[in-house]
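I would like the atomic coordinates for the input below:
(2 chains)
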Number of protein chains: 2
Amino acid sequence: MIFYGERNPAPNPRRVRIFIAEKGIDLPETRVALHKREHKSDEHRARNSLGQVPTLVLDDGTAISESVSICRYLESLHPTPSLFGETALEQATVDMWIRRIEFQLMTPVGMFWRHAHPLTAALLTQFQDFGESNRETYGRVLLWLDRELADGRAFLAGERYSMADIVALTTIDFASFTGLEVPADAPHLRAWLDRVSARPSAAA
Amino acid sequence: MIFYGERNPAPNPRRVRIFIAEKGIDLPETRVALHKREHKSDEHRARNSLGQVPTLVLDDGTAISESVSICRYLESLHPTPSLFGETALEQATVDMWIRRIEFQLMTPVGMFWRHAHPLTAALLTQFQDFGESNRETYGRVLLWLDRELADGRAFLAGERYSMADIVALTTIDFASFTGLEVPADAPHLRAWLDRVSARPSAAA
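Next up, the predicted model:
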């Protein structure tokens, strides 16, 4: 099994690294150098026709892409500690929170990066007014998250750390790298962020 | 258990309706009238703080939002026929295809609807040049899907109809409603579209 990824700041391979660290799985990362455009090479496109990382290639050559799908597969091989929930309701709740973070939070971060960040401007045509508008969206969504966490629960999907926290942490850390800031008046969100950032896995 | 949704053209409640039809589950839809903005009412926000449909409310009052998460929950109650895959690899593959469709295809459709469609213009500030640019993205992604399906497999995740097909069908039908067209030169995609559209569940 080979895990193709890339070091920071790319948020998606980091999700898999954190997941692996939380599980204690021994699976080294084979680097696909994004700055050399290796992810768009024929060699990598044969693994993932979208030319993205992370991608997991199994011993029989089957390739699984998408950070969360890779982690789901690893969860089935290494069920404990559960990071996708154990009961049907826990699993649905973790899945709901993963999706909420990706659609509500990662989408504006991605659009800001794609359409307003100078590093991307060198590569692609941007719609900068639209891109900049995602700064306000990002702050608004974080304030919604802060209100959600105001009930005092420890983690996004409840009292248990889950894949949803991994997706949110990597998204917010990547957003910070792009220049998007966490609002000052979000105490519950900041407490959650301190909590998940203090876990040893966050160094992955 | 109450399933809050809305009729066409809203694509996300339809995913749940098709899923229910494929499973043969008896779960009527309680309508949340989007054109009356009922999804943004305090009553509905108490079920889903994002003010979205679909939402599933369990008998104990617990609410699950996000179309795919609702279907995952229903799959655990009604495991056959499996629409999320049975083996670990099948499950990861279905999940990967759900995500690819949502991020590659539904995102540009949603951005076109949000930023270029006249029905949305009445409600929200649009970045129309950006919105229009998603027309080209949509066509390009469908041509990628056509190449993916050129290996002759019957469905997106393999030989078996799955949740990924439901997500793709509802996305493409909604895109057609907004005025986005399936390219003429996409024979494999069109054959797949005919195949999934011919299933009785597609009427849901």
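
and the residue nearest the centre of chain A?
A:Val167 (3.8 Å; C-alpha atoms, centre = their mean).

was I right about A:Gly139 contacting A:Asp185?
No. Look at A:Gly139 against A:Asp185 with C-beta atoms under 8 Å: they stay out of range, at 10.1 Å. Heads up, the C-betas are built off the backbone N, CA and C, glycines and all.

quick check: the residue nearest to the centre of chain A vs A:Tyr161, distance?
12 Å (C-beta to C-beta, to the nearest Å).

near chain B, which residues of chain A are found?
Counting by C-beta under 8 Å from any C-beta of the partner chain, the positions of chain A adjacent to chain B are A:49-50, A:58, A:62, A:64-66, A:68-70, A:72-73, A:76-77, A:88-89, A:91-93, A:95-96, A:99-100, A:103-104, A:107, A:115, A:127, A:129-130, A:133, A:144, A:147-148.

give me the buried subset of those.
With neighbours counted by 16 or more other C-beta atoms under 10 Å in any protein chain shown, these contain buried members at A:50, A:64-66, A:68-70, A:72-73, A:89, A:91-93, A:95-96, A:99-100, A:103-104, A:107, A:115, A:127, A:130, A:133, A:144, A:148.

in helices, which of those appear?
A:68-70, A:72-73, A:89, A:91-93, A:95-96, A:99-100, A:107, A:115, A:130, A:133, A:144, A:148 (DSSP state H).

could you find the closest non-adjacent residue to A:Ala164?
Residue nearest to A:Ala164 in three dimensions, not counting chain neighbours: A:Trp97, with 3.5 Å by C-beta to C-beta, 6 or more residues apart in numbering or on different chains.

what is the burial count for that neighbour?
By other C-beta atoms under 10 Å in any protein chain shown, the residues close to A:Trp97 number 25.

if we can go back for a sec, more neighbours: which of A:Gly139 and A:Asp185?
More crowded of A:Gly139 and A:Asp185, by other C-beta under 10 Å: A:Gly139, with 16 against 8.

mind checking which helix or strand that one is in?
For A:Gly139, the host element (DSSP states H and E) is helix A:128-149.

average pLDDT for that helix?
Average pLDDT, helix A:128-149: 98.

and whatever helix or strand comes next after that helix, what's buried?
Downstream of helix A:128-149, the first helix or strand assigned by DSSP H and E is helix A:163-178. For helix A:163-178, burial by neighbour count (16+ other C-beta under 10 Å) applies to A:163-175, A:177-178.

same question for stretch A:23-36.
By neighbour count on 16+ other C-beta under 10 Å, the buried set for stretch A:23-36 is A:Lys23, A:Leu27, A:Glu29, A:Val32, A:Leu34.

gap between stretch A:154-162 and the chain center?
Here stretch A:154-162 is found 16 Å from its chain centre; the criterion is C-alpha atoms, centre = their mean, to the nearest Å.

sorry, wrong one. I was asking about stretch A:194-203.
On C-alpha atoms, centre = their mean, the centre of stretch A:194-203 falls 14 Å from that of its chain.

avg pLDDT for that stretch?
On average, stretch A:194-203 scores 98.

nice, that's everything, thank you.
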